[in-house]
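Peer 1: Let's see this in three dimensions:
(chains A and B)
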Amino acid sequence: MEKLRYERPLIKRLDGNMPNKFGMRSDYTPKTHIEGVAVKDLIKKYGSPLFVISERQIRENIRKARKAFETRYPRVQFAWSYKTNYLDAVCRTFHQEGSWAEVVSGFEYDKALHNGVEGSKIIFNGPDKSSADLEKAINNNSLIHIDHLDELYKIQELSKKQNKTVRVAIRVNMDTGIYPMWDRFGFNYENGQAWTAINKIMQSETLELVGLHTHIGTFMLSPNAYATAAYKLAELARNIRLKYNHEINYIDMGGGFASHNTLKGAYLPGTDISPSINEFAEAITTALINSDFPQNKLPLLILETGRALIDDTAFLLGSVITNKRLSDGRRSTILDIGVNILFTSFWYDHKITPAQPFTQYTEDTVLYGPLCMNIDVVRENINLPLLNNGEHLVVHNVGAYNMTQWMQFITLRPRVVMIDMEHKVHVIRDNETLKSLLDLEHVPDHLTKFDL
Amino acid sequence: MNPLSKKTANQVTDSLLNSYGQVFFSRNKVFAVILIVVSFFDMYTGIAGLAAVFTANGAALLMGMNREKIRTGAYGFNALMVGLGIGINYQPTAEFYLILVSISLLTLFITIGLEGVLGKYGLPYLSIPFLFGIWFVIIATKGYSELTVSERGVYYLNDMYAIGGMPMVRLYEWFNNLGMPETLRIYFKSLSAILFQYHLFAGLLLAVGLIYYSRIAFLMSLIGFYSAFAFYKIIGANISELNYSYIGFNYILTAIAVGGFFIVPSKRATMWVIFLTPLVAITLNGTAFVFVNFGLSVYSLPFNLIVILFLYVLKFRERHLDKLTPVLIPLYSPEKNAYGHTSYMKRFGTLPWFSVKLPFWGEWKITQSHDGEITHREEWRHAFDFEIVDDEGKTYEGEGLHAGDYYCFGKPVTAPADGVVEEIENEVADNAVGDINMEKNWGNSIVIKHGDHFYSQVSHLKKGSLTIAVGQTVKQGEKIALCGNSGRSPYPHLHLQFQSTPYIGSHTLSYPFSSYVVRENGNFEYNTARIPNNKQLVSNAVPDITLQHAFHLIPGATLEFKVNEEIFVWEVESDPYNNTYIQCTNTGSRAWFKRGVDVFYFTGYEGKKDTLLYYFYLAAFKVSISFYKKLELSDQYPLTIFPNRLIQGIQDFAIPFVKFLRADYLLVYDQLDDQTTNRKVVLRSIATFGVGQNIRQQYQFKMECNTRGLVRFEVNTGKNVIIAEKQ
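Peer 2: Numbering: from 1, shown residues only, chains lettered A, B, ... in the order given. Sure, this is the predicted structure:
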């Protein structure tokens, strides 16, 4: 007989409050297995903490998203947003599913090329594109989405120098009725900046305006805002047709679809309030179909969806270091997962579940990371069962931004594994070692030696 | 010669030669020249024939008849035969020519009159005008004292002497005494009798001409003749009748008409040639006894009666229409009928009159097709049910207890073809999953009129989702409603049917989609003019802008290609019948093409077979303007372009029974550089000619298109490589 699990004694105040209308909801089923592989075995083999990505879930997500749009609109193309997660294995899974690449820096651009994406299927976004980056993009016939006028001038200059026609789109920002309005990227629609850019491009002999791009915000909870944006872009395209007799080839609606994470301060969990991809698809496609585009000349619809496709495909596994009672009487649990690798804990109340069975007793807990820094709080308040040192926890929905925004700070970055369609585990990124850091460092000769 | 008079000269020559050729259903110029030569075996007969043709064609032209019909000899051949028939019987006096001109004119009138009457029934007038013409003139001239009867035709040795003197006579005698089977002798004579010649030489020359014109026609003439012979033997009829009265040509003409000209050559057609022989024989004997009382011959009356009657009878068929196929567009060659028909039927035969597409976007699954197991039965058997499925084949997300869980629920429904909205129902509530509404069993529906007696109906739409109104015009692919769960629909799905009446729930019609793509094991299959099968994953093909542009050849456009410093200029032209073709101004060759809704086809080629245009004809024989990577399109060239004439000749003899040659076309969609502005599309194609599995010749082609259209065309003939670049 297996030794019974120790559970510390717990005293809990009896709450006689009104039950809320959603009932006494409890999320606490242990997440013991991911894609059929035991969490315990994963940690044992690959260490703790550990990022685990499900290939099956990625494919399911992108197929579902494609289906949502392709059954509502005749011409659709997804482009994988590199900044959301640019691990090669992840990108290539998306490319296998037909997605192009959407990059926002020279580094990401090179990574897309390295992954084997044809230059013409790379969308180059972002406010900071160096002359060298642009030159490369021009040579590779990539789609360049212009963010500001200086960039426009630069592209014009380069294209003249190379005597090449450059396919460009402009990023347009606009009031779609949401706050905050993302007016720092691209050209504003309402104040006429967008037209300034369009006029300049249309007058240019070397620039070809092939598309219109917008990206109205992030973690959008209102599909209607997309409908407004799509409608405004369609109107812009119509006016370009009227003024210049020029057809726009594509409309890029950017990304920003919410995932099922729960934003900090949200009253209801993300699983309940985040619109499904179908709702976004419905809003965007309906707006475009009902716009002034002739039926047979509907432009290609490009989507740069990142978060909504990758968030729920990844889990972060960690272990309990210790439990502590805080001065105000609250319990706290310290994990080996810090905000340095779980960057999104600044934005979300992540769903965190134990990786082993437990009893019904739960307690409000503060989850701290292992960093020797006061900001290292993973969850400020979470109702968790009683955990012991060495037991494991699973953080859900960590696929977006964590594996790109993580930082090497105090601890080293852990391994990332991917579980394939046959439940086989592949290491897709090794953990950092001292060597990986030292390789980058150089110590001036006079500092090599010291005597303490 | 100025161009106008050159055109006139061409018209005159064509109409003359075709008037002769038409006697054997041919437009072959060489054969026509042989026929003229044979007719001149007796010079005055020949002159009479020529005069009759000129009279009839000239009169038709002056009276303003259709120039094209005159050019094809349709108005001349009956007069020609009347001319020949009386030319051999009378002395060439001035009075004779007066009669000749008159009777030619009368024959022309009868021709046009009969064309008007029989044409309404889609039947040919064959040589009935000739029969009337010659009977009238023979009876009438009995009282014309100024006409002198000639006996020239009786003494054919005189003809021989006139042509080549004594040596010719000896040659003929020697030839006549050759150990040729009696039946063959009669065959040759019967053949010559068609031109009112009654000797072996004429028959022999005609047989050679006939082989040159058409192997099938020659084969059929033998089959027809010998089956008559067999019938006479079996029945115990007087075989010598064939020999002396020379009316055996009735069997020959019937055989050619039924076995190759009016009916696509096939085993069945050949069988009917044999079956019809006794009918011709009975008609022949039955009418001959009556006509002899008036001193008339029946000439080709049995042939006319039986062929016209048979063609008329075929029109009343309700079934087996594909078994014995009448030739719809006369190609004036049994070979072209045989090869052209099969490939035409395969390529365009089922091409729908209306371009009909799937009524949705994206990929859906057919969950009930024609003759379905649930509701598509009896009068409603030609219908489709569509649903959206995921990778596991499930149609819903979650538990599937709510209509909204189903992938197809609320998805756009588009118009399958252009049309006008005829009837709508928009107010039926969507069912709970599992429930059905038997009262309003079609649920919310739209009926669109696409043409007379052609409507489409989509049903089980979402309540209140219709975005159109009755009387509104809709374009193909336009969103008209959302998929729902109303009517007899236990779970959301889309019902589509075609019908000939404008009411919701009309009886269904079987009608193919003009094009669609099927996905199977990750591969795409492009289908044209077909009805998809149950359980298939189908989607509409999305046209590729570059290919659409490259193969959108508009008459008046000019394409210039440079091959090794030489510039080839191709002009896109169209004829008055709206047929489009590319003409190479360097070589004079022409390639005929056709643009379907989504497919570009070449339909024919005229000219030398080593020109750049010929290779392009082979390379772009069938091109779908939708790009699916690694998509393969195959087709078959007509065997008339087979590179070896001799082998092809053997195939010609065998084509009614077996096809052993192959001329295969394969197109592979190789590379598409970028979809948004479509910079570059590369297509590769292979033309394979072979005997069975044995490949005799293979060409490989590569076509590169960009925003400028077709910019580079590479040909690998196996021996050399030709690279053409657009200028």
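Peer 1: Can you pull the residues of chain A lying near chain B?
Peer 2: Proximity of chain A to chain B, by Cβ under 8 Å from any Cβ of the partner chain, involves residues A:60, A:63-64, A:67, A:70-75, A:77, A:118, A:120-121, A:141, A:143, A:167, A:208, A:210-211, A:249-250, A:282, A:285, A:289, A:295-296, A:300, A:302. Quick note: C-beta positions are derived from backbone N, CA and C, even for glycine.
Peer 1: Now the buried members of the residues you listed.
Peer 2: Using 16 or more other Cβ atoms under 10 Å in any protein chain shown as the burial test, the residues of chain A next to chain B include A:60, A:64, A:67, A:70-75, A:77, A:120-121, A:141, A:143, A:167, A:208, A:210-211, A:249-250, A:282, A:285, A:289, A:300, A:302 as buried.
Peer 1: How much space separates residue A:194 from chain B?
Peer 2: Between residue A:194 and chain B the computed distance is 20 Å (Cβ to the nearest Cβ, to the nearest Å).
Peer 1: Count the neighbours of that residue for me.
Peer 2: By other Cβ atoms under 10 Å in any protein chain shown, 23 other residues sit near residue A:194.
Peer 1: What's the separation between residue B:31 and residue A:131?
Peer 2: Residue B:31 sits 76 Å away from residue A:131, going by Cβ to Cβ, to the nearest Å.
Peer 1: Between the two, point out the one with more neighbours.
Peer 2: Comparing residue B:31 with residue A:131 by neighbour count (other Cβ under 10 Å), the higher total belongs to residue B:31, at 24 against 11.
Peer 1: Can you tell me, leaving aside adjacent residues, what's nearest to the more buried one?
Peer 2: Of all residues not flanking residue B:31 in the chain, residue B:213 sits nearest, at 4.0 Å (Cβ to Cβ, 6 or more residues apart in numbering or on different chains).
Peer 1: Flag the shaky bits of chain A, pLDDT-wise.
Peer 2: Counting by pLDDT under 70, chain A has low-confidence residues at A:14-28.
Peer 1: domains in it, as residue ranges please.
Peer 2: Per automatic domain parsing, the domain ranges recorded for chain A read A:33-52+A:312-433, A:55-311.
Peer 1: Run the chain-centre distance for the last one.
Peer 2: Centroid separation for domain A:55-311 versus its chain: 15 Å, with Cα atoms, centre = their mean, to the nearest Å.
Peer 1: now residue B:470, nearest residue through space, not along the chain?
Peer 2: Excluding the flanking residues, the one nearest residue B:470 by Cβ to Cβ, 6+ apart is residue B:421, at 5.3 Å.
Peer 1: Now for that neighbour, how many residues are close by?
Peer 2: 19.
Peer 1: How is chain B divided into domains?
Peer 2: B:10-180, B:214-333, B:364-522, B:545-726.
Peer 1: what about those domains, which gets the closest to residue A:274?
Peer 2: domain B:364-522 (15.2 Å; Cβ to Cβ).
Peer 1: Tell me which other helices or strands the strand ranked longest in chain A touches.
Peer 2: Ranked by residue count, the top strand of chain A under DSSP state E comes out as strand A:314-325. Applying 3 or more Cβ pairs under 8 Å, 6 or more residues apart in numbering or on different chains; DSSP states H and E, we find strand A:314-325 packed against helix A:39-46, strand A:50-54, strand A:331-335, strand A:392-395, helix A:402-405.
Peer 1: For it, list every residue counted as buried.
Peer 2: Under 16+ other Cβ under 10 Å, the buried positions of strand A:314-325 are A:314-321, A:323.
Peer 1: Thanks a lot, see you next time.
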